[in-house]
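1. I would like to see how this sequence folds:
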Amino acid sequence: MKFTKLTDHLKLTADKLVGFKPEPYELNPGFGQATESIYKMVDQFHALFQHPRRVMPDPALLRLRAKLIHEEAVTEGIPAARKGDMNGLLDAMADFLYVGVGTMVAIKGGISTGMSYYTQEQSVDRFIETIMVPGNTVFDDMAIPFEEAKEAAQMLEELADKLETKHVSDTELIHDLRRVMNKIYVACMMTYRLAEFLGIDIVELVAEIHRSNMTKLWPADTEERNAAVENCKYDKNDLGFRHAEGTEMMIGFRLSDGKILKSPTYSDVDLTRFIDQAESSSLYEVVKNHL
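-> Residues are numbered from 1 along each chain as shown. Alright, predicted model coming up:
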């Protein structure tokens, strides 16, 4: 399948690396469309909160993306999968996709190299080894997407080390980016597949995370914002604001380190309906029998 709509809609020409002509593919019918939908959400978040979008990576950016992926996949995802904790599992799945696709948003060539035919054969080989793997428990199977993401985080760290210690040509950098972005892409596809086994619409699950993230903004009206500041939990002397482009809202941040701070009107993630769906799935029946 040719992703004409995907490449046209996302204007992936700006995402391409010089000397590389990607031919995107999907590992399962419909997964390309899911990637497009999630990419659009995360790109909106990056634009609004002024995070990197399609830039050539430096070691600091690579380490940041590795840290984010590790937190969601390794710190949160693997333990939840191995315990059969549906709440924690679904939260980690959605958060990993947000930071995984977010890495492809942040780094130039991210999505076009990740989905390239260049790596299709190895991608298919890895992708089919998810769910019902001989010798695996159901808990092992549910952890597979996060194990793949763990390897991606390690690869990002290794590439950061490489850029810091030696001269890397553009050709070599493109080759390395192809490998790590494809690893992230396959981990995302594995997560989509796990969602299917759990009876979850993965785009709707990520959309709930996105909805919550977009409520981090503060009011632009001075009187309303001052009231919000009075009701917030932060150090008021270490609180700054900047305009969120394209909105009539403000971004609150900590002056000391630039960390974005949630508005008191922030609306937390509600995964209740997704947990109910997952716990009605045939996969969860297997999980329950082994708890």
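
2. Confirm for me that Ile38 is in contact with Glu204.
-> No. Applying Cβ atoms under 8 Å as the test, Ile38 and Glu204 come out as separate, 10.8 Å apart. Placement of C-beta: from N, CA and C, glycine included.

3. Comparing these two, which residue is more hemmed in?
-> A count of neighbours by other Cβ atoms under 10 Å puts Ile38 above the other of Ile38 and Glu204, at 27 against 14.

4. so who does that one touch?
-> Ile38 is in contact with 97-98, 101, 188, 202-203, 206, counting by Cβ atoms under 8 Å, 6 or more residues apart in numbering.

5. which stretches of the stretch 1-150 of the chain have low pLDDT?
-> In the predicted model, the stretch 1-150 of the chain carries pLDDT under 70 at residues 1-27, 116-125, 127-132.

6. can you do 90?
-> 1-33, 35-36, 48-50, 56, 108-136 (pLDDT under 90).

7. go on, the stretch 151-291 of the chain?
-> 170-171, 173-179, 182, 185-186, 231-233, 244-248, 257-260, 264-265, 290-291.

8. By neighbour count, which bits of the helix or strand hosting Leu177 are buried? Give me those.
-> Element membership of Leu177, judged by DSSP states H and E, is helix 170-197. For helix 170-197, the neighbour count (16 or more other Cβ atoms under 10 Å) marks 173-174, 176-197 as buried.

9. buried sites along the helix or strand where Met104 lies?
-> For Met104, the host element (DSSP H and E) is helix 86-106. Buried residues in helix 86-106, counted by 16+ other Cβ under 10 Å: 86, 88-106.

10. show me the contacts for Lys162.
-> Contacts of Lys162 (Cβ under 8 Å, 6+ apart): 168, 176.

11. actually Phe139, not the one I wrote
-> Per Cβ under 8 Å, 6+ apart, neighbours of Phe139: 81-84, 287, 290.

12. Closest to Trp218 out of those residues?
-> Ala81 (35.6 Å; Cβ to Cβ).

13. same for the helix or strand containing that closest one, what does it pack against?
-> Take DSSP H and E as the rule and Ala81 turns out to sit in helix 78-83. Here helix 78-83 touches helix 86-106, helix 138-165, going by 3 or more Cβ pairs under 8 Å, 6 or more residues apart in numbering; DSSP states H and E.

14. The following helix or strand past the first one packs against which elements?
-> So that's helix 86-106. Toward the C-terminal end, the helix or strand that comes next after helix 86-106 (DSSP H and E) is helix 110-114. Judged by 3+ Cβ pairs under 8 Å, 6+ apart, the packing partners of helix 110-114 are helix 86-106, helix 170-197.

15. now the longest one against helix 86-106, angle please.
-> Regarding helix 170-197 and helix 86-106, their directions subtend 150 degrees when assessed with axes from the mean of the first three to the mean of the last three Cα atoms, to 10 degrees.

16. now the angle from the helix or strand following helix 170-197 to helix 86-106?
-> Toward the C-terminus, helix 170-197 is succeeded by helix 202-213 as the next helix or strand (DSSP H and E). Inter-element angle recorded for helix 202-213 and helix 86-106: 80 degrees (by the same axes, to 10 degrees).

17. chain center to helix 202-213: distance?
-> Distance, stretch centre to chain centre, for helix 202-213: 11 Å (Cα atoms, centre = their mean, to the nearest Å).

18. Helix, strand, or coil at Cys50?
-> Careful, residue 50 is Gln; it's not Cys. coil (DSSP: H, G, I helix; E, B strand; the rest coil).

19. secondary structure class for Thr265?
-> coil.

20. which residues does it contact?
-> Thr265 touches 215, 218-219, 228, counting by Cβ under 8 Å, 6+ apart.
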